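Asks: sequence unavailable; structure follows:
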Ligand SMILES: [Mn+2]
Ligand SMILES: [Mn+2]
């Protein structure tokens, strides 16, 4: 049987990496030849997760089309967040929990998107629907994805379904959710060895909004001041990326995971769109967004609407 | 609770009408206030189905936004096939089995598309996933949708899942599939009282393909010669629609449901794209496509690819 590659988005986070692994495992169990791969570097949090459950990182790929004809997308559906040669391969399935945009097929596909907090929450259902048992390691990976995407259930994206799934997975994974979760998030929030370039690309996504390209990066921090002290260098780097990718705006959200708010650093010709969206004035290119921790739910929709009206 | 409207595509077929009814019923059973509605006239086949199972036709609407904020799409996802004011309402869910195109949201949605032959086949699974029993009438409607979309299991879009679902639904609906199915298809193929305008709009969809708008209508017939004898008048009407909707091509596929082939009548400035797609020469604007009975699987994908390369 022809192999199918399974992968998440560029600048992979824990949900993207573990969902690729967990869904490829499920596919293998039901007789489909599938291999999980990744489109970028493993971050510190995901590294912690993989080591904790003793699972190997997926292989890094630059292109899919030179090795397979068919792919499965997890944790994303927008083309610009996917593998560079996505136009050259056939998308067989999408399992996702984000908005749907810039996605098109000429033939029917299996497309499963649900407005839950995490791709892993959907995968857990798919294991059940396919009557495949969840082994300890896979349970641990999926649990980690839910903890990561929901910031330990504190994000407004987190649903009852995510919490229930996490509870069941924690039992299978044999971990204490609070203790393990906090250690995991802290491993991800350790920014001490990151360069500026890494900081702004670690968890960054490009969105098409109206006629504009907008990049939104998010950094989770225990102490946001550490990151904000680098503002001048960060802005220089943002400007380089803006010029290179022809962006209208680049937003870096530095998220305080203990106090559940985000300080944004905004650059680009359309920075005023951000002011309009949140009805605020940027001061020194920054603003504190109280209670904002979710790019998907609290940044992308409001910005998309604002850019469409520009 | 705020009401949600559930509807299928314009020029509704049996799957679109019955899926709206069956999904609204399911939603009601799990405590969601949902009403099935329709975007166009009930065709002869669907009329037969509703009378047979004694179910009322959904209410006709022109717009959704003046009565609700939220809608659920079944059996379609492309905006140009949906309600005219689709931009003014929020799409909460999509249940579909077509290609995904021209669909975009700013927030995450429940999007369930599967490459099966019929929306009803997915709905049957959703009843099970939600632990809702399927009453006789709903089983009859869903069975009818599968028979209609699969032309009694003869279409290449028909999967093992559709056949299995139909078998189970037939038991609940207490009908003999072959006998009921043939009577139902014949009711739909009775074209004797149709005007030319009705013939070309009864089951017609507009697609965006590359930079082109293409309309593809399909008419099921027991005796295609009856329809083809009207070719001259049909062409006149096609030309009117092409001018009005700014179409690059209009294809009318007259499908011989007993012999499983289709004769196409093609009009429009880009008719040569159809010749290129099937590697044939139109004669007198027509061609016989042997074995072609599925617009979704045997016409749309190949034309989309061809138009993208133009
Ligand atoms: Mn995710
Ligand atoms: Mn259908």
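Replies: Cool, the structure landed. These numbers come from a predicted model, not from an experiment. Ligands and ions are numbered 1, 2, ... in the order given.
Asks: what's the closest non-adjacent residue to residue A:200?
Replies: residue A:217 (5.0 Å; CB to CB, 6 or more residues apart in numbering or on different chains). C-beta here means a position set from N, CA and C on the backbone, and glycine is covered the same way.
Asks: which element, helix or strand, includes the one you found?
Replies: strand A:212-221 (DSSP states H and E).
Asks: could you pull out the buried residues of that strand?
Replies: A:212-221 (16 or more other CB atoms under 10 Å in any protein chain shown).
Asks: need the contact list for the residue of the stretch 51-200 of chain A found nearest ligand 2.
Replies: The minimum distance from the stretch 51-200 of chain A to ligand 2, using CB to the ion, falls at residue A:108 (10.2 Å). The contact partners of residue A:108, by CB atoms under 8 Å, 6 or more residues apart in numbering or on different chains, come to B:97-99, B:113-115, B:296-297.
Asks: kindly report the same for residue A:181.
Replies: Contacts of residue A:181 (CB under 8 Å, 6+ apart): A:147, A:152.
Asks: quickly note the distance from it to ligand 1.
Replies: 16 Å (CB to the ion, to the nearest Å).
Asks: buried stuff in the helix or strand encompassing that residue?
Replies: According to DSSP H and E, residue A:181 maps onto helix A:177-189. Buried residues in helix A:177-189, defined by neighbour count with 16+ other CB under 10 Å: A:177, A:180-181, A:184-185, A:187-189.
Asks: just the strands from chain A, written as ranges.
Replies: A:4-7, A:34-38, A:59-60, A:70-74, A:90-96, A:110-113, A:204-209, A:212-221, A:249-256, A:261-267, A:286-290 (DSSP state E).
Asks: would TSV of those with distance to residue B:12 and mean pLDDT be doable?
Replies: TSV is the format used below for these (distance: least, CB to CB, whole Å; pLDDT from 0 to 100):
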stretch	distance to residue B:12	mean pLDDT
strand A:4-7	35	98
strand A:34-38	38	98
strand A:59-60	47	98
strand A:70-74	31	98
strand A:90-96	27	97
strand A:110-113	22	97
strand A:204-209	32	95
strand A:212-221	37	96
strand A:249-256	42	97
strand A:261-267	46	97
strand A:286-290	45	97
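Asks: pull up the residues of the stretch 101-250 of chain A that are close to ligand 1.
Replies: Residues of the stretch 101-250 of chain A found near ligand 1 (CB under 5 Å from the ion) are A:119, A:149.
Asks: can you show me the helices along chain A?
Replies: Counting by DSSP state H, the segments of chain A that form helices are A:14-29, A:44-52, A:119-129, A:136-150, A:160-173, A:177-189, A:196-201, A:224-228, A:231-245, A:271-278, A:300-309.
Asks: how deep is residue A:171 tucked in, by neighbour count?
Replies: Residue A:171 is flanked by 12 other residues according to other CB atoms under 10 Å in any protein chain shown.
Asks: now do the contacts for it.
Replies: Residue A:171 touches nothing, counting by CB under 8 Å, 6+ apart.
Asks: now do it against residue A:52, distance only.
Replies: 16 Å (CB to CB, to the nearest Å).
Asks: around chain B, pick out the residues from the stretch 101-250 of chain A.
Replies: Residues of the stretch 101-250 of chain A found near chain B (CB under 8 Å from any CB of the partner chain) are A:101-115, A:129.
Asks: got a ChimeraX select line for the buried ones in those?
Replies: Those of those that count as buried under 16+ other CB under 10 Å are selected in ChimeraX with:
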select /A:101,103,105,106,107,108,109,110,111,112,113,114,115
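Asks: among the residues of the stretch 101-250 of chain A next to chain B, which pair sits farthest apart?
Replies: The distance between the two most remote of these (CB to CB) is 28.0 Å, for A:102 and A:129.
Asks: so where's chain A shaky on pLDDT?
Replies: Counting by pLDDT under 70, chain A shows no low-confidence range.
Asks: how about the nearest residue to the residue in it positioned nearest to ligand 1, chain neighbours excluded?
Replies: Here chain A gets closest to ligand 1 at one residue, residue A:15, 3.3 Å apart by CB to the ion. Distances taken as CB to CB, 6+ apart place residue A:145 nearest to residue A:15, at 4.1 Å, with adjacent residues excluded.
Asks: tell me the spacing between that neighbour and chain B.
Replies: Applying CB to the nearest CB, to the nearest Å, the value for residue A:145 to chain B is 16 Å.
Asks: just give the number of residues close to that residue.
Replies: 33.
Asks: let me see the contact set for it.
Replies: Contacts of residue A:145 (CB under 8 Å, 6+ apart): A:14-15, A:18-19, A:118-120.
Asks: buried subset of the residues you listed, written for PyMOL?
Replies: Buried subset of those, written as a PyMOL selection, criterion 16+ other CB under 10 Å:
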select buried, chain A and resi 14+15+18+19+118+119+120
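Asks: residues in contact with the residue nearest to residue A:200?
Replies: Residue A:217 touches A:199-205, A:250-253, counting by CB under 8 Å, 6+ apart.
Asks: go with 10 Å
Replies: Counting by CB atoms under 10 Å, 6 or more residues apart in numbering or on different chains, residue A:217 touches A:11, A:199-206, A:234, A:238, A:241, A:250-254, A:265, A:295.
Asks: kindly report the same for residue A:83.
Replies: Counted by CB under 10 Å, 6+ apart, residue A:83 has contacts A:5, A:7, A:9-10, A:37, A:39, A:61-65, A:71, A:73, A:89.
Asks: ok, which pair from the residues you listed is furthest apart?
Replies: A:9 and A:65 (17.7 Å).
Asks: between the two, point out the one with more neighbours.
Replies: Counted by other CB under 10 Å, residue A:9 and residue A:65 do not tie: residue A:9 has more neighbours, with 26 against 16.
Asks: ok, that one to ligand 2 distance?
Replies: The value you get for residue A:9 to ligand 2, if CB to the ion is used, is 31 Å.
Asks: count of neighbours near the residue nearest to that residue when sequence neighbours are not counted?
Replies: Using CB to CB, 6+ apart and skipping residues adjacent in sequence, the residue nearest residue A:9 is residue A:76, 3.8 Å away. A total of 26 residues lie near residue A:76 under the criterion other CB under 10 Å.
Asks: ok, back up a step: and of the contacts of residue A:83, the nearest to residue B:80?
Replies: residue A:73 (24.9 Å).
Asks: quick one: contacts for the closest residue to that closest one other than its chain neighbours?
Replies: Excluding the flanking residues, the one nearest residue A:73 by CB to CB, 6+ apart is residue A:94, at 4.7 Å. For residue A:94, the contact set (CB under 10 Å, 6+ apart) comprises A:71-77, A:82, A:100, A:103, A:105, A:109-113, B:100, B:111, B:113.
Asks: same question, residue A:232
Replies: residue A:196.
Asks: hmm, what's the outermost residue in chain A?
Replies: Largest separation from the mean C-alpha position in chain A: residue A:1, at 30.5 Å (CA atoms, centre = their mean).
Asks: correct me, but that one touches residue A:68?
Replies: No: the pair residue A:1 / residue A:68 is not scored as a contact, 11.6 Å apart, by CB atoms under 10 Å.
Asks: pull up the overlap in contacts between these two.
Replies: A:33-34.
Asks: what about residue A:167, neighbour count?
Replies: There are 12 residues near residue A:167, going by other CB under 10 Å.
Asks: list the contacts of the residue lying closest to it once chain neighbours are set aside.
Replies: Nearest residue to residue A:167, sequence neighbours excluded (CB to CB, 6+ apart): residue A:177, at 7.6 Å. Listed by CB under 10 Å, 6+ apart, the contact set of residue A:177 reads A:143, A:146-147, A:152-153, A:163, A:166-167, A:169-171.
Asks: distance of residue A:13 relative to residue A:147?
Replies: 12 Å.
Asks: ok, the residue nearest to residue A:29 when sequence neighbours are not counted - how many residues close by?
Replies: Excluding the flanking residues, the one nearest residue A:29 by CB to CB, 6+ apart is residue A:132, at 4.6 Å. Applying other CB under 10 Å, we find 16 residues neighbouring residue A:132.
Asks: please apply the same query to residue A:31.
Replies: The burial count for residue A:31: 7, using other CB under 10 Å.
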